[in-house]
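**Q** fold the following for me, if possible:
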Amino acid sequence: MFWELIATILAGFMAAGIALSFRLLFKKLPRWIVPAAAGLGMLGFQIYSEYTWFDHTRSRLPDGVSVVATHADPAFYKPWSYFRAPILHFVAVEPSENAEAGNIKRANLYFFERRMAAHHAPILVDCQNKLQSDFSQSPNWGQTPMTEDIVRAVCQ
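**A** Numbering: from 1, shown residues only. Down below sits the predicted model:
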């Protein structure tokens, strides 16, 4: 997040520098064009960063890890997100290679959120009955909205 702040400030300085050079080149431009360009440059970088975060993070996942759910939510304070909401949360599953007992397989779910650390949760997947459970002493088998995609990724 620190580097993103530095990049945002640099985007503002770059946009302000371009506006300043235009202002010096064309004497008719108003004085407010430089700070306005700085603000637009920083805002533009933040919008670009939000819309490219999911693709960038997904490309850095190791082989064998697949995305099973995404969440894109428009926000009232980001009016551009109503046209195409950026994906700021997603869930990925990594099948476990060493724990297989018949139709029951073990996997790890990873929960990613922009500007937050990733969390993981081990789960069990029943490939025959298409159910999932938390990895505990007394498994509670059931289905979630992601179960079908998780079963498809783990039981292939």
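**Q** mind listing the strands for this protein?
**A** Assignment of strands within the chain using DSSP state E yields the ranges 66-72, 87-101, 104-113, 119-126, 131-134.
**Q** and the lowest-mean-pLDDT helix or strand in the chain, what does it pack onto?
**A** The weakest-scoring helix or strand in the chain, judged by mean pLDDT, DSSP states H and E, is strand 87-101 (a mean of 82). Judged by 3 or more C-beta pairs under 8 Å, 6 or more residues apart in numbering; DSSP states H and E, strand 87-101 is in contact with helix 33-59, strand 66-72, strand 104-113, helix 147-154. (C-beta placed from N, C-alpha, C; glycine too.)
**Q** could you rerun that using 6 Å?
**A** Where contact means 3 or more C-beta pairs under 6 Å, 6 or more residues apart in numbering; DSSP states H and E, strand 87-101 is packed against strand 66-72, strand 104-113, helix 147-154.
**Q** re earlier: relative to Trp80, which of the strands of the chain is closest?
**A** Distance to Trp80, taken as C-beta to C-beta, is lowest for strand 66-72 among these, at 12.8 Å.
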